[in-house]
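Asks: A predicted structure for the sequence below; I have some questions about it.
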Amino acid sequence: MQTFSTNPFPSGEQEILLKAALFTGQNASDAWIKWNELVDFEAFFDSGSFRLMPLVYKNLLPIDPELPYLGKLKNIYLQSWYKNQQLFFMGSVLISELEKNGIRTMLLKGAPLSHFAYHDKGARPMSDIDVMVPYLQARDAITLLKSQGWQPEQEEYLEYNLKWGRSMMFRGNDGFEFDLHWHPFFEAHGTSHADDFWNKAIRFQLHESKTLSLCHTDNLLHVFVHGLHYNPEPPIRWIPDSMLLLSNCRKEIDWDYFIHQAQKYHVVLQVREALNYLFHTFHLDLPEKMWKELTKIRISRNEKILYKNAQRAEDEKYGGFISRLKKLYLIYLRQTSDRGFVHLSLGFLKFLKYRIAGKNPFLILWYYVKRYIEMLRKK
Amino acid sequence: MKRAFRINTPHIVYDIIEEETILINLKNGNYYNIDKYGSVIWEILAKSGDIDLFIDVVTQMFHLPAERTKADIGVLITDLLAENLIVPLKVEENSQPPMNENSIKATVSAKMTDFQCPVLNKYSDMRDALMLDPIHEVDERGWPTMNDDLYFRDQESEKKNMENNQEP
C-alpha cells in the first residue's frame, strides 16, 4: 500500500522511485524492481510519482530495455513529449508577442529546466508555461494580454497580487494556460528586488523566440524555494530538478552568490534542508566551505515560523482568527520594506485591506464564527 | 542531379526514441511516428543527404532489386512531402556540407541490418490522445493508439446513447 504525502520530502516508495530515476546502472534497475514490489504499477499511485515516470523511462532504457513496464513508461514519456512540445510552441508565440510590445520576458521552471538540467523535451512533464516580466512592466503585460483575449483567473485579486503576490494565471480561448510572474517566488518582493534576477539572467531560446532564463545559481535557489513550499501535488520533483541542474550545470553554480541570495530572501532554512537531504540520500557532493558558511547563518524565529507555514496546506494553515492574523503579519513582514512601528502598523492595515479586497467581509466574519463554534463543539 | 530535402523547420519538431522517430507539426498539432527503417531515411534527410545515393547504397548493401527499394523509399518521400514534413532543398539553403557516399554507407551500416518498406503513421485526433491514460488505455502499438477494448466500448456506449436518445 502506497503512502501519499504532500510533504516536500518523499515517502519511502517515492524515494525508491527517485533512485530509479536518478541512480546509474544496477542501482537504478534494482530500485525500479523494488518499487514495483511495493507499488502496483497497474493500480492507482500518486501524481508526484506519475510525473517522475518519463525520467525513470529515460534513465532505465539504456540500462536494461527488458525491465518491467518499460513499454508503458514509454507511453507516458511520449504523451509528455507531445504536451511539452505544444506548450513550448505556444510559449514561444506568447513571448514573441510580449517582446514585440517592448516587454522583457524570462522563462521560469519547466522550459529552462528541460533544456539546461534534463537535456530532454519529454522527461519533465509540464502543465503550463511560466513567463516572468519585470515587476515594473507587469501591469502593461496584463493590459496587453487582456486586450488579446487572455483571461486572468480571479481578476478581483489583481491589485493584491500585483502588490503582494508574485504571479497570475491566464487562460486562452484554446484552453492554453500560463502563469505570468513578476517575481520568481513569494520571498522576493517589492521594487527594490525588481532587477535582481534580471541582471544575472542568461539567454534562452524557445523555438524562434529569444528570451531569458534565471542564471543557473538563481535557478537552483528557485527550485529549492518553490519545491519546499506546500503543493497539492506531491512536490518531490524538486529533487530531480536540483540534482540534474547540479550535475549538468555544476561549473556555473556560484556558491558565494547562492548563499548571498538565500540570505537576502530569507530562505536559508529551505536551502539548508534541501541540500542536507540531497547530501544524505543522493550523495550530493557539496563544497565544504559553502556548507560551513550556510550552517553558520542564524535563522530568525520569524523565518522558522514562515517556513513551517509555507509547508502546510491552505486549509490547515491557520488556526483561529488571532493565529491567522499573526501569520498574515509575518507574511507582511517578509514582503515589506517598511520600517518603524508606525509605518509597520499602518502598512499592515493596508496589507489587510488589499488582502480582503474583492471578498465579502461578512463571509470572512461568518467563516470565523463557524470555526469558533466547531472548536467549542470539539471541546 | 542530386535530390535532397530539408526538414520543414521551425514548425516540424522531432526526436528519436528507441529507433523510432516521433514528429509534430506544430501548425496543426498532427503527430507522426516513423519506424526504424524510415528513421534512417529521416536522418539522411535531416543531414541534407542525396536520397538517390542512399537508395543506391541500400540496394547494394542488402542485395535488393533497385526498383523495389526506389519504390519503397519513394512512397515515404511522397508522404513526407504531402504532409509538409519535408521540403525540397534549394541550393542556396544548403549550409552544411552534404553527406558523401562514405558517410551514407557508415550511417546505413551502423543503423540497419536489413531493409524493409518504411512506415509513416499519422495521428490527427490528438485531443483524445492527450486524455488517454497512458498506462491502461493504450494498446501494444503504443501511445497514441487507443486500446481496442476501450475503442469498442466507446463505440458501444455511443451507440447506446444514440438509441436511448431516439424518440419513440
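Replies: Yes, it's here.

Asks: how far away from the center of its chain is the helix of greatest length in chain A?
Replies: Longest helix in chain A, counting residues (DSSP state H): helix A:70-100. Relative to its chain's centre, helix A:70-100 lies at 19 Å (Cα atoms, centre = their mean, to the nearest Å).

Asks: close to chain B, is that helix?
Replies: Yes - applying Cβ under 8 Å from any Cβ of the partner chain, one finds that helix A:70-100 is in contact with chain B at A:71-72, A:74-79, A:81-83, A:85-86, A:89. Quick note: C-beta positions are derived from backbone N, CA and C, even for glycine.

Asks: next, count neighbours for A:E97.
Replies: 17 (other Cβ atoms under 10 Å in any protein chain shown).

Asks: and the pLDDT at the residue nearest to it when sequence neighbours are not counted?
Replies: Using Cβ to Cβ, 6 or more residues apart in numbering or on different chains and skipping residues adjacent in sequence, the residue nearest A:E97 is A:Q148, 7.0 Å away. Here the pLDDT value assigned to A:Q148 is 90.

Asks: hmm, A:K19 is touching A:Q26, no?
Replies: No - with contact defined as Cβ atoms under 8 Å, A:K19 does not reach A:Q26; the gap is 11.4 Å.

Asks: ok, those two, which is more surrounded?
Replies: Neighbours per residue (other Cβ under 10 Å) separate A:K19 from A:Q26, with A:K19 holding more: 20 against 10.

Asks: check contacts around that one.
Replies: Contacts for A:K19 (Cβ atoms under 8 Å, 6 or more residues apart in numbering or on different chains) come out as A:N27, A:A28, A:A31, A:F282.

Asks: within range of chain B, give me the residues from the stretch 151-300 of chain A.
Replies: With Cβ under 8 Å from any Cβ as the criterion, the stretch 151-300 of chain A meets chain B at residues A:H207, A:E208.

Asks: domain assignment for chain A?
Replies: A:1-68, A:85-299, A:314-378 (automatic domain parsing).

Asks: counting contacts, what elements does the helix or strand containing A:L344 pack onto?
Replies: Element membership of A:L344, judged by DSSP states H and E, is helix A:341-356. Applying 3 or more Cβ pairs under 8 Å, 6 or more residues apart in numbering or on different chains; DSSP states H and E, we find helix A:341-356 packed against helix A:158-164, helix A:321-335.

Asks: A:P8 contacts A:P235, correct?
Replies: Yes - using Cβ under 8 Å, A:P8 is in contact with A:P235, at 5.2 Å.

Asks: mind listing the shared neighbours of those two?
Replies: What both A:P8 and A:P235 touch, as defined by Cβ under 8 Å, 6+ apart, is the set A:G227, A:L228, A:H229.

Asks: how near is the second one to A:S47?
Replies: Between A:L228 and A:S47 the distance, using Cβ to Cβ, to the nearest Å, works out to 18 Å.

Asks: in contact with B:N147, which residues?
Replies: B:H136, B:E137, B:V138, B:D139.

Asks: swap in 6 Å and give it another go.
Replies: Applying Cβ atoms under 6 Å, 6 or more residues apart in numbering or on different chains to B:N147 gives the contacts B:E137, B:D139.

Asks: got a pLDDT number for it?
Replies: Here, the pLDDT recorded for B:N147 equals 82.

Asks: give me the phi and psi for it.
Replies: phi -50, psi 130 (degrees, to the nearest 10).

Asks: show me where the chain has its strands.
Replies: Defaulting to chain A. A:106-108, A:129-132, A:151-152, A:167-171, A:177-181, A:202-206, A:209-213 (DSSP state E).

Asks: actually it's chain B I care about, not the one you picked
Replies: For chain B, the strands defined by DSSP E cover B:5-7, B:12-17, B:20-25, B:31-34, B:86-88, B:120-123.

Asks: so which of those is the most packed in?
Replies: strand B:31-34 (a mean of 23; mean count of other Cβ atoms under 10 Å in any protein chain shown).

Asks: just checking: what are the partner strands of that one?
Replies: Paired neighbours of strand B:31-34 in the sheet (DSSP bridges): strand B:20-25 (antiparallel), strand B:120-123 (antiparallel).

Asks: could those strands be laid out in TSV, adding mean pLDDT?
Replies: Formatted as TSV, the strands paired with strand B:31-34 follow (pLDDT from 0 to 100):
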stretch	mean pLDDT
strand B:20-25	96
strand B:120-123	96
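
Asks: TSV for those strands, including distance to A:I239?
Replies: Below are the strands paired with strand B:31-34 laid out as TSV (distance: least, Cβ to Cβ, whole Å):
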stretch	distance to A:I239
strand B:20-25	28
strand B:120-123	34
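
Asks: B:P65 is nearest to which of those strands?
Replies: Nearest to B:P65 among those is strand B:120-123; the distance by Cβ to Cβ comes to 22.2 Å.

Asks: what is the burial count for A:F341?
Replies: By other Cβ under 10 Å, 7 other residues sit near A:F341.

Asks: relative to chain B, how far out is it?
Replies: Distance of A:F341 to chain B, given as Cβ to the nearest Cβ, to the nearest Å: 55 Å.

Asks: excluding chain neighbours, give the residue nearest to the spatially most central residue of chain B in space.
Replies: In chain B, the C-alpha closest to the average C-alpha coordinate belongs to B:I34, at a distance of 2.9 Å (Cα atoms, centre = their mean). Among residues not flanking B:I34 along the chain, B:T21 sits closest, at 4.3 Å (Cβ to Cβ, 6+ apart).

Asks: and the one you found, what does it touch?
Replies: B:Y14, B:I34, B:S39, B:W42.

Asks: can we see that at 10 Å?
Replies: Taking Cβ atoms under 10 Å, 6 or more residues apart in numbering or on different chains as the criterion, B:T21 is in contact with B:14-15, B:32-36, B:38-43, B:46, B:120.

Asks: do the same with B:N84
Replies: When contacts are taken as Cβ under 10 Å, 6+ apart, B:N84 is in contact with B:N8, B:H11, B:I12, B:N25, B:K27, B:N28, B:N30.

Asks: contact residues of chain B facing chain A?
Replies: Residues of chain B found near chain A (Cβ under 10 Å from any Cβ of the partner chain) are B:9-11, B:13-15, B:17-18, B:20, B:22-24, B:26-27, B:29, B:31, B:33, B:123, B:126-127, B:129-140, B:142-145.

Asks: where does chain B dip in pLDDT?
Replies: Across chain B, residues meeting the criterion (pLDDT under 70) sit at B:1-2, B:91-97, B:149-168.
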